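Undergrad: coords below, sequence missing:
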């Protein structure tokens with residue numbers, strides 16, 4: 001490990017070999033006053049290899065940041081080693097200052113981890129290069145949802161250790177391979193990796209949940225983190241398609257004004273992680289050629305497999321299980337309206353039945 005107080009590995013990435021002063025107490029919107037940009041922080045531990053934790057890849061998802069602040073205080077990490085070493089990546093600090101997922105005209109910080117030509121891609125490459133210099137015990141990426149969802153964990157490999165790591169956070173697990181540019185996908189090639197979806201940003205239940213998970217992950221005896229929990233019951237889903245809207249579509253929910261292009265049902269978020277029957281009306285389209293766009297994991301247009309349009313109404317063609325449906329218009333345009341999942345049968349190796 002490099003012996004640094006603070007150094008710059010590239011124009012974008014800042015490196016620290018100790019917790020920066022005031023990190024445990026500073027409001028997230030003032031974080032830029034102590035960290036000039038994306039930062040990789042090495043925190044000494046009594047045991048190695050370290051756990052990698054990433055937070056604030058989306059600047060408006062602050063539960064991970066609040067959990068790290070709690071962890072620093074709970075374990076007194078400014079004065080003594082952590083139970084296990086930690087490598088902490090703090091991502092989009094500039095967006096966090098403004099309470100935004102990302103700034104305008106910059107890429108999503110959780111879509112830059114599979115190479116590219118932008119400065120942010122080079123930043124991601126530098127982070128991955130640093131992480132490759134030593135083994136990692138596990139990788140934990142912490143996020144929030146803008147729509148109503150249960151707390152759940154995501155994995156990118158359907159291996160037992162990844163599943164058990166996720167199950168210790170939630171019985172609800174989502175296995176996905178797209179989008180493939182996320183940090184958890186990149187790290188899943190090196191160690192058990194999980195993404196935690198902790199409900200609405202800053203919600204106390206999500207904060208307590210992730211704090212307990214991080215404490216457990218840091219203090220469990222070696223190997224136990226990846227063994228089956230005592231309660232093996234899991235609900236594992238596989239993401240199979242993404243639901244998008246046209247870039248310039250004006251969106252509404254519930255009783256919409258006449259000037260919207262698409263109007264969705266007001267309870268759209270209530271459909272997340274439920275089985276939506278065939279024939280369910282999701283909304284209406286009011287503009288010519290303005291409809292939902294559904295693509296599968298191979299980026300093929302499969303809209304017609306799931307949605308039909310009857311008298312401008314958007315109707316489900318078959319039963320489907322959505323996730324991450326949101327009514328946040330900004331997030332819908334920056335990312336998507338939501339995803340479609342299916343139950344995922346696991347083999348006997350994972351303790352699940354096909």
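TA: Arrived safely, thanks for sending. These numbers were taken from a predicted model, which means no experiment stands behind them. Numbers count the residues shown, from 1 in each chain.
Undergrad: Confirm residue 140 sits in a strand?
TA: Yes: Residue 140 sits within a strand when classified using DSSP: H, G, I helix; E, B strand; the rest coil.
Undergrad: is it true that it touches residue 50?
TA: No: Residue 140 lies out of contact with residue 50 (CB atoms under 8 Å); the separation is 11.3 Å. Where you see a C-beta, it was placed from the backbone N, CA and C, and this is true even at glycine.
Undergrad: center of the protein, which residue is that?
TA: In the chain, the centroid-proximal residue (CA atoms, centre = their mean) is residue 143; its distance is 4.3 Å.
Undergrad: where's that residue relative to residue 60, distance?
TA: 10 Å (CB to CB, to the nearest Å).
Undergrad: before we move on, what about residue 153?
TA: Distance from residue 153 to residue 60, by CB to CB: 21 Å.
Undergrad: do residue 291 as well
TA: With CB to CB as the criterion, residue 291 and residue 60 are 28 Å apart.
Undergrad: Look up phi and psi at residue 82.
TA: Note on residue 82: its backbone torsions stand at phi -70, psi 160 [degrees, to the nearest 10].
Undergrad: and it, what is it in contact with?
TA: Shown in contact with residue 82 (CB atoms under 8 Å, 6 or more residues apart in numbering): 43, 44, 45, 46, 75, 218.
Undergrad: Would you mind naming the residues that bridge with it?
TA: residue 45 (DSSP bridges).
Undergrad: Same question for the one 4 residues further on.
TA: Beta-bridge partners recorded for residue 86 (DSSP bridges): residue 43, residue 51.
Undergrad: Neighbours of it, how many?
TA: 27 (other CB atoms under 10 Å).
Undergrad: Residue 168 too?
TA: If we define neighbours as other CB under 10 Å, then residue 168 has 19 of them.
Undergrad: Residue 93 too?
TA: Residues near residue 93, counting by other CB under 10 Å, number 22.
Undergrad: roughly how far apart are it and residue 317?
TA: Counting by CB to CB - residue 93 and residue 317 are separated by 44 Å.
Undergrad: Just the element for residue 126, please.
TA: Taking DSSP states H and E as the criterion, residue 126 maps to helix 119-131.
Undergrad: ranges for the helices of this structure?
TA: According to DSSP state H, the chain carries its helices in the segments 63-74, 93-98, 119-131, 160-167, 183-187, 204-219, 303-306, 329-334.
Undergrad: got the angle for the fourth one vs helix 204-219?
TA: Going back to what we said before, that points to helix 160-167. Angle of helix 160-167 versus helix 204-219, following axes from the mean of the first three to the mean of the last three CA atoms, to 10 degrees, is 140 degrees.
Undergrad: List the contacts of residue 172.
TA: Contacts for residue 172 (CB under 8 Å, 6+ apart) come out as 150, 151, 152, 153, 234, 235, 237, 273.
Undergrad: actually residue 216, not the one I typed
TA: With the criterion set at CB under 8 Å, 6+ apart, residue 216 makes contact with 168, 225.
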